[in-house]
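# requesting a structural model of the entry that follows:
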Amino acid sequence: MAHFYPSFQALALADQIMGEIGQRADGYQGRLGAAWYWRLPGGILVTFALDYCITEQRWDVIRAEAASPNVGVFNAADFPFAAYGTLATSPPFIHDLEGEAEWSNRLYFQMGYLIEDAAHWLEMLRAAILNPAIRPPAAFPTLTPLERELVTYAVNELGGDFKLEALLRAFPGRISRTKLTRLGQSWERVGLLTEPPRRVTVGLRTLAEREDR
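Numbering: from 1, shown residues only. Below you'll find the model as predicted:
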């Protein structure tokens, strides 16, 4: 992390990005000091911070780290603004020199792509909770063949949505509404489904595929 810290105004500008990521990725806790936090299942804590690549007077990269109580930092990612700029000779950055911070070359910044990539990285971290070094295997249920079929159907036919009515129609007589409801609730509690509207996480998909193998 940087030894120099962005100004209040620069942090406020970066809040725009983090707020959008927080709307797309569950577990957002907000900003504390000069960093933004996500809390994921399995005790995983994710930290995002605004940093600089050239001088402390311009801020042009978001650095992220994921840590687990068992292994410490186990994954990291950089999201440099230059990677999402459309003007090669002058990439976007936050100018923070003497006075109020402001975007430079904001018109050439594809912020939506950065937000999409960061949200995808956070979602991919959910697969890491299945790693025995990060979270004990006993923390997760063993999926039955029917449960694996439910996951596969939700992914392939429902676009990843865990829709109760659609699943009941697709598996008539094989699972009751009560049992399917309880199954969804239990998977949500351990982070294998997102909060409503429920979607299959990378972790649940990985678990189903691993048990199929």
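# so what's the residue count around the nearest residue to Leu125 once chain neighbours are set aside?
Once flanking residues are discounted, Leu125 sits nearest to Ala66: 5.3 Å by Cβ to Cβ, 6 or more residues apart in numbering. Where you see a C-beta, it was placed from the backbone N, CA and C, and this is true even at glycine. Residue neighbour count, defined by other Cβ atoms under 10 Å, stands at 21 for Ala66.
# three-state assignment of the residue of the chain most remote from its centre?
Most distant residue from the mean C-alpha position of the chain: Gly173, 35.8 Å away (Cα atoms, centre = their mean). Here Gly173 is coil, with the state taken from DSSP: H, G, I helix; E, B strand; the rest coil.
# tell me which helix or strand comes right after the one helix or strand the residue nearest to Leu125 maps to.
If you go by DSSP states H and E, Ala66 is part of strand 61-68. As assigned by DSSP H and E, the chain's next helix or strand after strand 61-68 is strand 72-80.
# what lines up beside the very next helix or strand once past that following strand in the sheet?
Helices and strands here follow DSSP H and E; after strand 72-80, the next one along the chain is strand 93-95. Under the criterion DSSP bridges, strand 93-95 sits next to strand 58-59 (antiparallel), strand 102-104 (antiparallel) in its sheet.
# related to what we said a few turns ago, quick one, the strand holding Ala66 and strand 72-80 angle?
Relative orientation of strand 61-68 and strand 72-80, computed by axes from the mean of the first three to the mean of the last three Cα atoms, to 10 degrees: 160 degrees.
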